[in-house]
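In: Just need the structure, nothing else, for what follows:
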Amino acid sequence: MTVRLRAHHLLCMLTFVGKGYSPAFVDNYRAIARRLSAGETILVVEGPDDICAPLLDGDTHCHDESVAGRDRQAAEAVSALTSTAVAAGTTIVPDEALLERLRSAFGSGDLRTACGGCEWSDLCSRVSAHGFPGVLVGRAPATGEGC
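Out: As a prediction, the model looks like this:
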């Protein structure tokens, strides 16, 4: 199977440690984290994706232009880092080497342009500043909190 992710979630997955908008959101994201860690590929999509799914029944920001702008900024940053065009329809294999490369660039601030104004930015900064402890995508699951 393939996990459908909007571009800015390529950044969010780097610091996800079990925090989110609601218990349903966190449970869904944990399941996606397990799938990605098991080697499922990512299909980049426009608009709401598999992570957004639990939020779509209510009043959600998933369709807002500000979020679409975040997607564009994230796609540009990941494209520049990987020298591969990242856009809707792009398939990405989230292997450990790619995740570590993305985390390194995230930690240095090179991938953070899309994070401006995000309510989770402070939490992601703390996770990054401490070396990404407890992240749930691409590393052995550990207990903890986060994005």
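In: Which pLDDT value goes with the residue nearest to residue 24 when sequence neighbours are not counted?
Out: Leaving out its chain neighbours, the residue that sits closest to residue 24 by CB to CB, 6 or more residues apart in numbering is residue 54, at 4.2 Å. Glycine gets a C-beta too; all of them are placed from N, C-alpha and C. Per-residue pLDDT puts residue 54 at 75.
In: ok, how many other residues are close to residue 54?
Out: 19 (other CB atoms under 10 Å).
In: wait, doesn't it sit right on residue 28?
Out: Yes: at 4.9 Å, residue 54 counts as touching residue 28 under the criterion of CB atoms under 8 Å.
In: any shared contact partners between the two?
Out: By CB atoms under 8 Å, 6 or more residues apart in numbering, residue 54 and residue 28 have no common neighbours.
In: that older thread, and the residue nearest to residue 24, backbone torsions?
Out: Backbone geometry at residue 54, expressed as degrees, to the nearest 10, gives phi -70, psi -10.
In: need the contact list for it.
Out: For residue 54, the contact set (CB under 8 Å, 6+ apart) comprises 21-22, 24-25, 27-28.
In: Tell me who's in contact with the residue lying closest to residue 87 once chain neighbours are set aside.
Out: Ranked by CB to CB, 6+ apart and with sequence neighbours excluded, the top spatial neighbour of residue 87 is residue 75, at 6.0 Å. Counting by CB under 8 Å, 6+ apart, residue 75 makes contact with 7, 44, 86-87.
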